[in-house]
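**Student:** Need coordinates for the following:
(chains A and B)
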Amino acid sequence: MQYSKNQLFFLASLRILIGWHFLYEGLIKVFNPGWTSKAYLLSAEGPLSFFFKWLGGSALANAADIVTIALLIGIGLALVLGFFERAAAFAGIALLAMFYLSHPPIPGLENAGPAEGNYFLVNKNLIEMAALGVLAFFPSSHLVGLVYYFKKQGDETVGQHTAG
Amino acid sequence: MSKEKQSPDNSRRRVLKGLAGLPFVGGILIGAYAESRKRKLAKRNILEALNINAVRPESTADMSGDPIRVGIIGFGGRGSHLVRLLGYATPSWFQRMKEEENEGAIKAFQEQENLNVKLTGVCDVFDVYAEEAVAAFPGCKRYRNYEEMLESPDIDAVVIATPDHWHAPISIAALQANKHVYVEKPMTHNIRETYALQDAARNSKAVFQVGHQHRQTQSFITARDIIKKKVLGHVSLVQTNTNRNDDNGAWQYDIHEKASPQTIDWDQFLGGAPKIPFNKEHFFRWRKWWAYGSGLSGDLMTHDYDRINCVLEMGMPKYVSASGGIYTHHDGREVPDVFQVAMEYPEFSVGTSRPKGIERGMTFLYSATLGNQFNRSTILMGHDGTMELGNTLTIYADPGSTRYASMIESNLIQPEIPIYSYNPEAEEVDAITSATAKYFADKGLLWTYRDGKRVDSALLHLKEWLGAIRHGTPVSCGIKEGFEEAMSAHMGGLSWKIGRRIEWDATRQEIIALPGEDLDEILLSTQVGEYVMET
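**Tutor:** Here you go, the predicted model:
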């Protein structure tokens, strides 16, 4: 896959910015031991709310907290540093899909929480999911990131804006 | 790309492009750490400054030993609920819960703590209720009247959940027989019997508790500590409310299909009330008539008065003024359905952050309607802060506060964000609550999940009573609290009837009557001000 300089700049920027968002959300939760996803899960609305409410009320709620934090940090590191970016992108899409489905921006639902804007079906979670889809199919870590750094010396493609 | 083009130029590029993400990771790490440290410090500073001790007192009273033998007097709605908390549920209740698909209630019943009580007697003037208890609970004997029950050696204690006009006569008789008493609110129906019950309780060896179960609610216990630590500064106004808008809330209860002069001991129901012919509506919807009920003042204001008395310990008011009328249910009832009471405490003080002598006195305000259910919260308003009180407890600093002036100045405290938020079910106290957490707390979502279990505060209140019987430990709503609750409610009822501000003589411990006034007669009459109510 070949990119122009501008294409690569914005792809790598998008990857690092989304990674930043995930990593920061994960770390803030680590540094705040009182954080829990229970209230968020219990306030779920929409067609799949029964699942999220069950999860929030079950013994699995603590595990859900740990998995969420681990995923946020793992995905964040992978995207910022540039490794396993496709796997990270798919994992990110899955995690955001859970967020999206638990509080879907459907008119008439009340528990969507206080929002800083107005949303109809499309919200920032959905847009970030689409952006992660772009990252999955337009990889950049072999050009900027750890994959590039650890590539074998003398690899044909090193230093060129191309990918197989 | 040819090999000679690599290094050093190439290795520099390699590092630059390969490790481009590293500085970001470092930056994010430092940023997240600094941000959470800032939040923690601010939270700690505020919590240290407030010094609130929100430790949950565990109810550790030992319930082992011989079971306490309890008799239930009044096995209607409230009575059967209290008996369930004592461990006894009827098959028809299980049936009803299943029909209503309320599996949670059944589960809660099965998981609730065993208070080690033996239900040995039931007394109800409606055959259907009494026979249901006898059929459901082995060893539970029916007594035709409360005197028979109190004479029985098989009864150690009684739970009284009758209409209001029977609370005091039965309590007094039970205490004189040295049987322990748990009586529903309001403690009494008139002024005279309030003194008589006070004497009976003081002269009895038995334990006496009034059923204001919210005294067991953790947020109220925490609120007491908050007042003691002067977090709110001088409290000058307390606002409490009742808002209901449905038949059940307006005491329009269902009339049982089997109710008839054959199944109801009408004379016994009437007791000291005016003799009138059998009337099903009076029997099942007794809260609507002064002869048996106490209207909003005795029925519901007593809850709010005692909630605040539990927190502020303000005791008897100096003056009480009431207003209201029947505005939403012209169905023949005598008691008002919109009702306001203002109680004045000119000498009240919980301490101050300002120079001594400036602040003194407080108004307790109660406002109720049975025609609208918009939620108005209980609010305690102090010079330094405002407390919103319910199952959760939230405190806001006041922009004009003296105590928090410097913290507000330095932006450590923002008046629109709670400085303290206590949720009995959450794991930790929160100092600076986010908008989202506040949003969830307000919706009550935060307190349904701790261990998936909620404890009914009435169970804790009964447990405290049983603990006092077993171990001689104190009760939280005894005769002193009951006297204040009942007497202040009677002052509210009197003010509404007479249309005058009613005054309490603290030295003589009595309500001041004008020459020729029989206050009890006025309290129970159907005459309001200048006109007689149509019934």
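**Student:** where are the low-confidence patches of the chain?
**Tutor:** No chain was given, so I picked chain A. Within chain A, the stretches with pLDDT under 70 are A:1, A:110-115, A:153-164.
**Student:** think we crossed wires, I meant chain B
**Tutor:** Checking chain B against pLDDT under 70 turns up B:1-7, B:53-60, B:391, B:423-454, B:530-535.
**Student:** And what about the residue most central in space within it, helix, strand or coil?
**Tutor:** Among the residues of chain B, the one closest to the centroid is B:His214, at 3.5 Å (CA atoms, centre = their mean). Following DSSP: H, G, I helix; E, B strand; the rest coil, B:His214 is assigned to helix.
**Student:** and the strand or helix carrying B:Val341, what does it pack onto?
**Tutor:** In this structure, B:Val341 sits in strand B:338-345 according to DSSP states H and E. Secondary-structure packing of strand B:338-345 (3 or more CB pairs under 8 Å, 6 or more residues apart in numbering or on different chains; DSSP states H and E): strand B:319-325, strand B:362-369, helix B:479-498. C-beta here means a position set from N, CA and C on the backbone, and glycine is covered the same way.
**Student:** could I get those as TSV with mean neighbour count and distance to A:Leu48?
**Tutor:** Formatted as TSV, the helices and strands packed on strand B:338-345 follow (neighbours: other CB atoms under 10 Å in any protein chain shown; distance: least, CB to CB, whole Å):
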stretch	mean neighbour count	distance to A:Leu48
strand B:319-325	19	48
strand B:362-369	22	39
helix B:479-498	24	48
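**Student:** Residue ranges of each domain in chain B, please.
**Tutor:** If you go by automatic domain parsing, the domain ranges for chain B are B:68-216+B:461-478, B:220-256+B:295-452+B:485-532.
**Student:** can those domains go into TSV with extra columns for distance to A:Ile28?
**Tutor:** Shown next, in TSV, are the domains of chain B (distance: least, CB to CB, whole Å):
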stretch	distance to A:Ile28
domain B:68-216+B:461-478	35
domain B:220-256+B:295-452+B:485-532	12
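**Student:** Go through those domains and name the closest to B:Phe269.
**Tutor:** Taking CB to CB, domain B:68-216+B:461-478 is the member of the domains of chain B nearest to B:Phe269, at 4.9 Å.
**Student:** picking that back up, quick check: which of the helices and strands packed on strand B:338-345 is nearest to B:Pro163?
**Tutor:** helix B:479-498 (15.0 Å).
**Student:** Dump the closest one to CSV, restricted to CA.
**Tutor:** Only the C-alpha atoms of helix B:479-498 are listed here, as CSV (Å, rounded to 0.1, in the frame of the first residue of the first chain):
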residue,chain,number,x,y,z
ILE,B,479,-41.1,7.9,74.2
LYS,B,480,-39.1,11.2,74.1
GLU,B,481,-39.0,11.2,70.3
GLY,B,482,-42.5,9.9,70.0
PHE,B,483,-43.9,12.6,72.3
GLU,B,484,-42.2,15.3,70.2
GLU,B,485,-43.5,13.8,67.0
ALA,B,486,-47.1,13.4,68.2
MET,B,487,-47.4,16.7,70.0
SER,B,488,-46.0,18.8,67.2
ALA,B,489,-48.3,17.0,64.7
HIS,B,490,-51.3,17.8,67.0
MET,B,491,-50.2,21.4,67.0
GLY,B,492,-50.3,21.3,63.2
GLY,B,493,-53.7,19.8,63.2
LEU,B,494,-55.0,22.3,65.8
SER,B,495,-53.6,25.3,63.8
TRP,B,496,-55.4,24.1,60.7
LYS,B,497,-58.7,23.6,62.6
ILE,B,498,-58.6,26.9,64.5
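**Student:** next one: phi and psi at A:Pro47?
**Tutor:** Per-residue torsions, A:Pro47: phi -60, psi -30 (degrees, to the nearest 10).
**Student:** quick revisit: could the helices and strands packed on strand B:338-345 be laid out in JSON lines, adding distance to chain A?
**Tutor:** JSON lines is the format used below for those (distance: least, CB to the nearest CB, whole Å):
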{"stretch": "strand B:319-325", "distance to chain A": "34"}
{"stretch": "strand B:362-369", "distance to chain A": "25"}
{"stretch": "helix B:479-498", "distance to chain A": "35"}
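**Student:** Which one of the residues in chain A is closest to chain B?
**Tutor:** With CB to the nearest CB, the shortest gap between chain A and chain B falls at A:Tyr149, namely 2.5 Å.
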